[in-house]
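J.: have a look at this prediction, sequence included:
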Amino acid sequence: MTAPATARKVPMLRSILRWPKKAWQWLTRMRTALVLLFLLAVGAIPGALLPQRSLNAANVDSYLEANGTIAEIYDKLGLFDVFSSAWFAAIYVLLFVSLIGCILPRSIDHWKALRKLPPAAPKRLDRMPNHITGTVDMPAEQAQKEVSSRFRRWTGGSTEADKDRAGKWSYSAEKGYLREFSNLVFHLSLVGILVSVLVGRMVYYEGQVIVVAGSDNSQFCNTAVANFDSMRYGPTFDGTTLTPFCVNVKSFNADYLPSGQAVDFRSEVDYAAGDDALKPTEDWEHTTLKVNHPLTINGDRVYLQGHGYAPTFTVTWPNGETRTETIQFRPDDLTYFLSSGAVKMDPPAGMYPDLQERRQNQLAIQGLFAPTAEFSGENNALLSSRFPAMDDPAVAIDIYRGDTGLDSGTGQDIFTLSQTQLHNGSLQKLDRVNLHQGEDVTLDDGTKISFDGAKEFVNLQVSRDRTEIFVLGFALLMLISLVGSLTIKRRRFWVRVTDLGDGTSRLEIAGLARTDSAGWGREFNRVSEELLHLDDEELDEEFDQTDADWDDWEDELDRELARERRDGEITDGDSDTDDNK
């Protein structure tokens, strides 16, 4: 007969429902977690070797232009946006779930093991790796009390003769439970770190801003996202939770060796938070900002990330009006700080009433700046820098007139002129000159451009992560618990008391270290000395009597376990904490 359709569907449904369970079991294996961790490490390699758009989009564009097809393949694979790509996020999420699925069940197992009492004494104590038998001059009851008193601070208890495997009174004691507790804390601390990092990435913000020290624009206020030059933040950040404070960068100083190597950076700053920022800057708090020594203001940290130079140019127009611009140049050489940049200026409104005509007469300057100039080449036309300190500043600049493209509605790099405007002829080159501090050049229409020197700028980073204290706490807790799990030893004692009937008792003592037994023998000897009332020489004699059997105790124990399995006393599913073991 043909089985009903519903009967055929039930096994199929069970087979389908079995797949999620198998997938979960596969995902929560420690082997799978290690594979995912390896994949995460491999996936992060392109993020370290290739330029990333989140850090410098211009470098990515340059890489694409220079490397052609292979760079386009990298781009399609998301290798220029590794840490925000879908495949990297998938690996991270799978690793997160895998670790949680691995750690939490194991933590429960550790907790259960932590609450277990030690097993009763085995029938054959002489099978244990540490074993000694001796006689004490006291009745059995007194010996039992002494054994119980000796192990009163250990976890364990006595087993009466009618329940003991050998039919005699015995005592089981165990110490070192903190090892399992440390293991439990270690696993939970790892989960805490993962959760803290995840939450922190959701709520953090981190912004960078360039501030010219000692200038009219030396103040920065953390009051709006628009005040930053660049900013990164978590998905829950909406821009309204910035901590209000202001920083005034008064000066920047650097010390260099004769070779040009920097040995110290420091910036003198004034700061105020909240309503105190409304006070004059003379009433603000003062501090010295150094590398790796951030300023903390109401939970936000202000880091000194870098520095550079901002040349100052003054333009005097034919009608006598002047305009001075101080703008940062990008350090291309981080050793001697040869820097490149651009300056864009509109002419005075009164010179060109027509807006279109005014736009066609904008001035643009693009070139190099050297803090300590060194000219070379034909007619000393090539500028380079021979020292990072500003000892002899100079610039090598190209001067343009025309439409700079600032009103085109598209963003421009502040360090270069628009290549589109240069190529389509909107900007016409007027002159190329080298200027030392205090020198000037006059253009064809009488406009004079002078180089007035330079100021130093600092790159500040403002960051806030409300979970970093939790990450630190869990990391310290994980480290402490790891030390505890590696140094604390879980060990057991079994003592069986036999009444000899003449006022004496025989004590059979056995011990077992559940983990590494290094150093365990000394403790076993010490406890045995106390229970048997022996000195070191007598204890050595007792051990000499049993040393002959210790070499093959493992083989004998294996044969004993095989016999008990054959007789059905224990099963293969029993754990290593089984009483028979």
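T.: Arrived safely.
J.: can you give me the helices for the stretch 301-450 of the chain?
T.: In the stretch 301-450 of the chain, the helices defined using DSSP state H, counting those that start in this stretch lie at 355-359, 419-423.
J.: report the buried residues of stretch 390-409.
T.: 390, 393-405 (16 or more other CB atoms under 10 Å). Using the backbone N, CA and C atoms, a C-beta is placed for each residue, glycine as well.
J.: from those, which single one is nearest residue 254?
T.: residue 390 (9.8 Å; CB to CB).
J.: name the nearest residue to that closest one, sequence neighbours excluded.
T.: Distance criterion CB to CB, 6 or more residues apart in numbering; nearest residue to residue 390, sequence neighbours excluded, is residue 371 at 4.2 Å.
J.: what's the answer for residue 134, then?
T.: residue 532 is the one closest to residue 134 (CB to CB, 6+ apart), at 3.9 Å.
J.: I figured the one you found was touching residue 137, is that so?
T.: No - Residue 532 lies out of contact with residue 137 (CB atoms under 8 Å); the separation is 10.6 Å.
J.: who has more neighbours, these two?
T.: Per other CB atoms under 10 Å, whichever of residue 532 and residue 137 has more neighbours is residue 532, with 17 against 11.
J.: domains in this structure, by residue range?
T.: 23-112, 119-176+491-567, 205-464 (automatic domain parsing).
J.: ok so, going back, redo the buried residues of stretch 390-409 as TSV? Include distance to residue 274 and pLDDT.
T.: Formatted as TSV, the buried residues of stretch 390-409 follow (distance: CB to CB, whole Å; pLDDT from 0 to 100):
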residue	distance to residue 274	pLDDT
390	36	92
393	39	94
394	44	95
395	42	95
396	46	94
397	43	93
398	47	93
399	46	93
400	46	93
401	47	92
402	47	90
403	45	89
404	40	87
405	41	83
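J.: show me where the stretch 401-550 of the chain has strands.
T.: 427-436, 440-442, 448-464, 491-499, 505-513 (DSSP state E, counting those that start in this stretch).
J.: winner for burial among those?
T.: Of the strands of the stretch 401-550 of the chain, the one with the most neighbours on average (mean count of other CB atoms under 10 Å) is strand 491-499, at a mean of 24.
J.: check the domains of the chain for me: which has the lowest mean pLDDT.
T.: Comparing mean pLDDT across those, the lowest value falls on domain 119-176+491-567: a mean of 79.
J.: helix, strand or coil: sort out residue 24 for me.
T.: Assigned by DSSP: H, G, I helix; E, B strand; the rest coil, the conformation of residue 24 is helix.
J.: wait, it sits on residue 101?
T.: Yes - contact criterion CB under 8 Å: residue 24 and residue 101 qualify, at 7.1 Å.
J.: report the angle between the host helix or strand of residue 172 and strand 505-513.
T.: Using DSSP states H and E, residue 172 maps to strand 169-175. Angle, strand 169-175 to strand 505-513, by axes from the mean of the first three to the mean of the last three CA atoms, to 10 degrees: 30 degrees.
J.: can you give the contact residues for strand 169-175?
T.: 117-121, 140, 144, 147-148, 151, 154-161, 164, 490-497 (CB atoms under 8 Å, 6 or more residues apart in numbering).
J.: just the buried members of those residues?
T.: For these, buried by 16+ other CB under 10 Å: 118-121, 140, 144, 147, 151, 154-156, 158-159, 164, 490-497.
J.: where's residue 212 relative to residue 459, distance?
T.: 11 Å (CB to CB, to the nearest Å).
J.: same deal with residue 452?
T.: 23 Å.
J.: any idea how far residue 384 is from residue 453?
T.: Distance from residue 384 to residue 453, by CB to CB: 19 Å.
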